[in-house]
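Asker: Turn this into a structure:
(2 chains)
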2 protein chains.
Amino acid sequence: MNDSSTARMYDLCATEDRRFSPFCWRTRLAFAHKGVPLETIATPFTAVPEIDPGTKRTVPTIEVDNSLITDSWEIAKWLDTRYPDAPPLIGTGPQESLTYFVQEFVNTTVHLGVVTTVIADLHEHLEPADQAYFRKSREARFKKSLEEIQAGREDRITDLRRSLHPVRALVREHEFLGGDAPCYADYIVFGALQWARVTSDFPVTEPQDEVTIWRNRVAALYNGLGDSAPHYY
Amino acid sequence: MNDSSTARMYDLCATEDRRFSPFCWRTRLAFAHKGVPLETIATPFTAVPEIDPGTKRTVPTIEVDNSLITDSWEIAKWLDTRYPDAPPLIGTGPQESLTYFVQEFVNTTVHLGVVTTVIADLHEHLEPADQAYFRKSREARFKKSLEEIQAGREDRITDLRRSLHPVRALVREHEFLGGDAPCYADYIVFGALQWARVTSDFPVTEPQDEVTIWRNRVAALYNGLGDSAPHYY
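Answerer: Next comes the predicted model:
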């Protein structure tokens, strides 16, 4: 347990220090949004059970104030409570519930689209011990090899790009999903696109797509936090 | 032009005074949300061009304060401006932009799912003149007969129900899409489901689905405004 005053986040990592977890990206941006420092602890898949042995912690888990908080949504809620004077991430009332709507849309439709587009490429970036774990667990889940899951992505990508229509329509009208300023919904969608660009050169969104232009805007926030990670496009 | 003080809405109608337009339902509930009376003017498809001859008005169009306002989103924004002391429908900042996200999700994914599920049944409810217009315009758009568009809905319905996951997940956590109280996002999603239940006995959502339970909650608001329309389930 870390007893310094700076929060630390267990963050999934691949080779070349590629941080790819969409959920961890939400949390990194959420801390930056609040202006709160966050250190990260590079954590391979196979080290996740060691975060808090005997429990079922997932990433992101943060260590802060001598305790652990798991789950990106819980962490964002905690940040809003702990730092009420900084701009809200999720807020309360309709903003909270509608942000939850965006989260559930991304966690299902968008994440399924991304994972089936980059899963074999992501595997290539993992350390050998993680590769074995990742292949076994994901192939059991999808009942196919990683290569079979990813095959045909050139045909499926149209569906994924079309599913991003609500984001595209919104950023034609507003700078950010939060309107004039970013909010947690921006970081939720950004995390999904960051996951793709950090692990694969296959473009989930095309350069001229308004979604990409907005993504670049989010990646540039907080001194280019999103762009500071190794990425392909 | 109506110069009484009560707003009036041109509202698509079918036989048995079935009011089925999902966009008009948004507006009816939006007025009720603000506690503002609204009269409706039953308007067949083929009478829409007569609302404001020479222009391209669509429904909903409202007559109020001796002028016309068209488009459900514009009307909701106008209501928020005109009645600022009543609870906001769309509000400002993140609530506004996230509501727009929900609207764009519904206008594309959900509406496409609903229309391809009920389009031939809806046609059966129209007056003969509207039937001819509706068949010709929709068959040109889909490049198929109405019956061909609707065929196979038993197989496709799983996709539509699955696409409602963000709504389902949200109403497991909150009473309404707006949290503890309804907001315009509730009326957007409700309109899509109301369109289906007013025109077809084919259940877009199943009775035990949390989405249906929430829909019933919205239909019961404002003295059962939604339930007051003829409906199948």
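
Asker: so what's the residue nearest to residue A:116 when sequence neighbours are not counted up against?
Answerer: Once flanking residues are discounted, residue A:116 sits nearest to residue A:149: 5.5 Å by Cβ to Cβ, 6 or more residues apart in numbering or on different chains. (Glycine included, C-beta is placed from N, CA and C.) Counting by Cβ atoms under 8 Å, 6 or more residues apart in numbering or on different chains, residue A:149 touches A:115-116, A:119-120, A:138, A:142.

Asker: in chain A, which spans are strands?
Answerer: A:7-12, A:38-43, A:61-64, A:67-70 (DSSP state E).

Asker: got TSV for those strands, with distance to residue A:96 and mean neighbour count too?
Answerer: Output for the strands of chain A, formatted as TSV (distance: least, Cβ to Cβ, whole Å; neighbours: other Cβ atoms under 10 Å in any protein chain shown):
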stretch	distance to residue A:96	mean neighbour count
strand A:7-12	22	23
strand A:38-43	22	17
strand A:61-64	20	24
strand A:67-70	18	15
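
Asker: can you redo those as CSV with mean pLDDT and distance to residue B:201?
Answerer: As requested, the strands of chain A are arranged in CSV below (pLDDT from 0 to 100; distance: least, Cβ to Cβ, whole Å):
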stretch, mean pLDDT, distance to residue B:201
strand A:7-12, 98, 49
strand A:38-43, 97, 53
strand A:61-64, 97, 49
strand A:67-70, 96, 46
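
Asker: got TSV for those strands, with distance to residue B:193 too?
Answerer: Compiled in TSV, the strands of chain A are given as follows (distance: least, Cβ to Cβ, whole Å):
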stretch	distance to residue B:193
strand A:7-12	39
strand A:38-43	42
strand A:61-64	39
strand A:67-70	35
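
Asker: before we move on, back to that, state the pLDDT value of the residue nearest to residue A:116.
Answerer: pLDDT for residue A:149: 98.

Asker: picking that back up, and the buried ones among the contacts of residue A:149, selectable in ChimeraX?
Answerer: To isolate the buried members of the contacts of residue A:149 in ChimeraX, using 16 or more other Cβ atoms under 10 Å in any protein chain shown:
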select /A:115,116,119,120,138
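
Asker: now the most centrally placed residue in chain A, nearest residue through space, not along the chain?
Answerer: Closest to where the C-alpha atoms of chain A average out (Cα atoms, centre = their mean) is residue A:22, at 1.6 Å. Ranked by Cβ to Cβ, 6+ apart and with sequence neighbours excluded, the top spatial neighbour of residue A:22 is residue A:191, at 3.6 Å.

Asker: and the one you found, how far is that from chain B?
Answerer: Separation of residue A:191 from chain B (Cβ to the nearest Cβ, to the nearest Å): 16 Å.

Asker: List the contacts of that residue.
Answerer: Contacts of residue A:191 by Cβ under 8 Å, 6+ apart are A:21-26, A:29, A:106.

Asker: so where's chain A uncertain?
Answerer: Chain A contains residues with pLDDT under 70 at A:1-4.

Asker: Next, please give the residue ranges for the helices of it.
Answerer: According to DSSP state H, chain A carries its helices in the segments A:22-34, A:72-82, A:93-105, A:111-124, A:128-142, A:146-150, A:153-163, A:165-173, A:184-199, A:210-224.

Asker: Could you give me the buried positions within the shortest one?
Answerer: What that stands for is helix A:146-150. A:146, A:149-150.

Asker: re earlier: ranking the helices of chain A by mean neighbour count, which comes first?
Answerer: helix A:184-199 (a mean of 27; mean count of other Cβ atoms under 10 Å in any protein chain shown).
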